[in-house]
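Engineer: could you look at this predicted model? Sequence included:
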Amino acid sequence: MNNKWKLAVTVAMLALVGIVAYSPLGDLTLQQKAMIGISILAIAYWVTECVPIPVTGIIIILLEIVFGVFPLAKGLSYIASDVNMLILAGLVISIALSKYQLDRLLSLKILSFMGEQTDRIVLGMMLATALLSMWIPNTAAAAIMAPVAVGMLELIRAEKGRSNAGKIMMIGVAYAATIGGIGTPVGTPPVPITIRNVKEATGYDITFAMWMAWGVPIALALTIIAWKLLTLFYPPEVKTIPGGKSIVEGELAKIGKLNKQQKTTLAIFGVAVVLWLMDSFYPILPNWTYIASLIIIILYLIPGVGTLSWDEVSREADWGVLFLVAGGLALGGGLRETGIVKMLADAIATGLAGASPYLVNIVIALVAGFSVTVFCSITATSSAFVPIAIAIAGSLGMDARFTGIVAGVASCFAFLLPANTPPNAIAYSYGYFKNYEMAKVGLVLTLLSSIVLIAFMPMITLLTG
């Protein structure tokens, strides 16, 4: 889309909000009509990217304030929300681990145990990527692991676009980077967005440890399923990668022994994990997870203790994600506050009346999973679907907590196309696979992932009481 079309869509959608807000739509209030228009605008902007996605978040908040959906203070509070503090802490940790190559060290250590069998190396690559993605942004995890994968492929002279080993290794890195984020509340924005929406709608607080108790098993299960699917669809043409272990050992030797700053960075990371997990076992203060996030940020930045400077954080952090998340939360909050989400949920629930909770949740998982292809942003997808899914569950008398979790996790199933999420695009950029080759596996993986997610229903129900 060229700049003229982008400008045309931008202006047209802004005009549409005003037209909808002041049009005679039944007994709806000004705020309700405005939220309908704002929702249409948000979806159009996210799908077309006529304005940068983070800017869409700012526009959503601005319009909600202008039309009186929220007062100024409430609207702006989404930018400095507890969710964004958690995400910011994750960004700071990512910058620190990357600066001292600790993320790379961890991934190489895992690979060092995988030998030289091709399928085992791919599994090791995917497990390492998924583990990294639980604690750092999925884009960073893919960017770290993709060059390692390419180094392995160069050993066997894998031909781009033809080598099955190249296909499974690069698609595997992309999938694992996306899947791993499901494991923890700092792994990917849809998780804290889900936690926040569940709390606002039901009053139930999902703690850090509680999410990990089901998030990590789900992430590991999906990683192994993705690995198995890839090896079935594209059996590698070589059974072993001679010299693969030597590459890993050589890279580990370059990093060498841990120095003082690396040890300090790891120690603060360890403190971060302990502080986050404490909320489940020894709650100190209300909202402790988010207070702990601020403590973690300070520990990394305080002179004499931390290992980062503010200049490094301000330069390296992806500040745009904070505005995207803020806009998504504000959109969900506005739809809930005005009652629009309940009206929509009641209408959808009518068509699902009498269906079993398992069937309803599978439908929600599939719709959310495949909608990533339209939104091309897992954060935007979760922002749109989680509030609606929770409301549908409420209308049907189901456990809204579980349905919200289903929608949030399924929003991360960006398996179909390279454009769906940055890790896919990073892997695709190396030229080892084509669009349709990812889509073939991605279609089956999305279906299986939805079923696996529902299979975890008893565990999640047990843990949430």
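Structural biologist: Looks like it arrived, so ask away.

Engineer: please report how far residue 280 lies from residue 209.
Structural biologist: Distance, residue 280 to residue 209, by C-beta to C-beta, to the nearest Å: 4 Å. Yep, even glycine has a C-beta here, placed from its N, CA and C like the rest.

Engineer: which residues touch residue 14?
Structural biologist: The neighbours of residue 14, taking C-beta atoms under 8 Å, 6 or more residues apart in numbering as the test, are residue 41.

Engineer: try it again at 10 Å.
Structural biologist: 37, 41, 45, 59, 63 (C-beta atoms under 10 Å, 6 or more residues apart in numbering).

Engineer: what's around the last one, how many residues?
Structural biologist: Translated: residue 63. 24 (other C-beta atoms under 10 Å).

Engineer: next up, the contacts around it.
Structural biologist: Contacts of residue 63 by C-beta under 10 Å, 6+ apart are 14, 17-18, 21, 34-35, 37-38, 41-42, 69, 75, 330-331, 334.

Engineer: now, which of these sits nearest residue 418?
Structural biologist: Residue 418 lies nearest to residue 42 out of the contacts of residue 63, by C-beta to C-beta, at 23.8 Å.

Engineer: longest single helix anywhere in the protein?
Structural biologist: helix 208-233 (DSSP state H).

Engineer: which residues touch the worst-scoring helix or strand of the chain on mean pLDDT?
Structural biologist: Least confident helix or strand of the chain, by mean pLDDT, DSSP states H and E, is helix 457-464 with a mean of 75. For helix 457-464, contacts defined as C-beta under 10 Å, 6+ apart pick out 198, 202, 204, 206-207, 209-211, 213-215, 217-218, 357-358, 361, 399, 401-403, 405-406, 409, 453-454, 456.

Engineer: tell me what angle it forms with helix 208-233.
Structural biologist: Helix 457-464 and helix 208-233 are oriented at 160 degrees to each other (axes from the mean of the first three to the mean of the last three C-alpha atoms, to 10 degrees).

Engineer: what ranges do the helices span in the stretch 151-300 of the chain?
Structural biologist: Assigned by DSSP state H, counting those that start in this stretch, the stretch 151-300 of the chain shows helices spanning 164-180, 190-202, 208-233, 244-255, 260-281, 288-301.

Engineer: and the third one, which residues are buried?
Structural biologist: Neighbour-count burial for helix 208-233 flags 208-216, 218-223, 225-227, 229-231, 233 (criterion: 16 or more other C-beta atoms under 10 Å).

Engineer: then stretch 238-246?
Structural biologist: For stretch 238-246, using 16+ other C-beta under 10 Å, the buried residues are 241, 244-245.

Engineer: show me where pLDDT drops low in the stretch 251-400 of the chain?
Structural biologist: The stretch 251-400 of the chain contains residues with pLDDT under 70 at 283.
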